[in-house]
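Asks: Below is the sequence, then the predicted model.
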Amino acid sequence: MSDRLPSGMLVSALLRRVNDAGGFGAVMAKGDAQGGAILVIAVDKGASPRLLERGIGPDGRTALIDSTPAEDLDGYWRRRRLRDPDLWVVEVDVAAAERFAAETILND
């Protein structure tokens, strides 16, 4: 049994934290409540949106990986969702969006 928190709980915590900081967050696609992967669309004060997800970093440890495609961000996550219906897609618009995502979904 894993000590990792359920995906639905992590998404709720991320949205609550973003809201408490004066930002905005929305679930674009709801995935599996227990074990679905989480893809975060991070919007940070006028910068281009980035796609961030939990993965394995170069050092072999859990890390937040930048998965931003060169173009068609919306089409990219929708295609991913077709292949993986358990995938959560969450958009957050807040200053330091990457920090919020890392602190919430990297709960090791």
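Replies: Right, received. Where do you want to start?
Asks: So which residues of this protein form helices?
Replies: Applying DSSP state H to the chain gives helices spanning 7-20, 73-83, 97-105.
Asks: Need the ones you listed in JSON lines (columns: mean pLDDT).
Replies: Converted to JSON lines, the helices of the chain look like this (pLDDT from 0 to 100):
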{"stretch": "helix 7-20", "mean pLDDT": "94"}
{"stretch": "helix 73-83", "mean pLDDT": "94"}
{"stretch": "helix 97-105", "mean pLDDT": "90"}
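Asks: Just put those in JSON lines and tack on mean neighbour count and distance to Gly55.
Replies: All C-beta spots, glycine's among them, are computed from the backbone N, C-alpha and C. Compiled in JSON lines, the helices of the chain are given as follows (neighbours: other Cβ atoms under 10 Å; distance: least, Cβ to Cβ, whole Å):
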{"stretch": "helix 7-20", "mean neighbour count": "17", "distance to Gly55": "14"}
{"stretch": "helix 73-83", "mean neighbour count": "14", "distance to Gly55": "13"}
{"stretch": "helix 97-105", "mean neighbour count": "20", "distance to Gly55": "11"}
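Asks: Of all those, which one is nearest Leu51?
Replies: helix 73-83 (6.5 Å; Cβ to Cβ).
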